[in-house]
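**Q** this one's structure only:
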């Protein structure tokens, strides 16, 4: 509960530091930290979007490489969604245990590895496992 309170205090301090009436005062270390946190969040969302855009481009390529019909491609897309759901269910525990930075790096690495190995899986079952990992990493 104390961690949630500290998180809320940190968010509120960032919100208060970015209000227009505060612009009359010289910048402080807290407002600089909040600005860096905002840019870090924007960068994280950009990278996640870039990874998913790469996955989206390769959906039709999967069909031709693995000779999949529309139903199998639908199962592939469902596997990514199931992985994302499983990742979201465990995210708070992982962040509490390892910290946000380590979880973000591990998730991004898992998603990037999933994209890199997307077209080199030996079969459909391995492809589904990889897609679940890709979704969980996102």
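**A** Received the coordinates, thanks. Nothing here was measured: the structure is a model prediction, and the numbers come from that model.

**Q** all contacts plus neighbour counts: C-alpha atoms, from now on.
**A** Fine.

**Q** Residue ranges in this protein under the pLDDT threshold?
**A** In the predicted model, the chain carries pLDDT under 70 at residues 1-31.

**Q** Break down it into its helices, ranges please.
**A** Assigned by DSSP state H, the helices in the chain fall at 2-17, 29-57, 59-65, 70-98, 100-116, 124-137.

**Q** buried residues in stretch 122-131?
**A** Judged by neighbour count using 16 or more other CA atoms under 10 Å, the buried positions of stretch 122-131 are 127-131.

**Q** er, stretch 87-97 actually
**A** For stretch 87-97, the buried set under the neighbour-count rule, 16+ other CA under 10 Å, comprises 87-88, 91.

**Q** In contact with residue 109, which residues?
**A** Residues counted as contacts of residue 109 (CA atoms under 8 Å, 6 or more residues apart in numbering) are residue 137.

**Q** Would you confirm that residue 112 contacts residue 51?
**A** Yes. Counting by CA atoms under 8 Å, residue 51 is a contact partner of residue 112 at 7.0 Å.

**Q** which one of the buried residues of stretch 87-97 sits closest to residue 117?
**A** When the buried residues of stretch 87-97 are ranked by distance to residue 117 (CA to CA), residue 87 comes first, at 19.3 Å.

**Q** Not including adjacent chain positions, what is the nearest residue to that closest one?
**A** residue 136 (4.2 Å; CA to CA, 6 or more residues apart in numbering).

**Q** Tell me how many other residues surround the one you found.
**A** Residues near residue 136, counting by other CA atoms under 10 Å, number 25.

**Q** Nice, that's everything, thank you.
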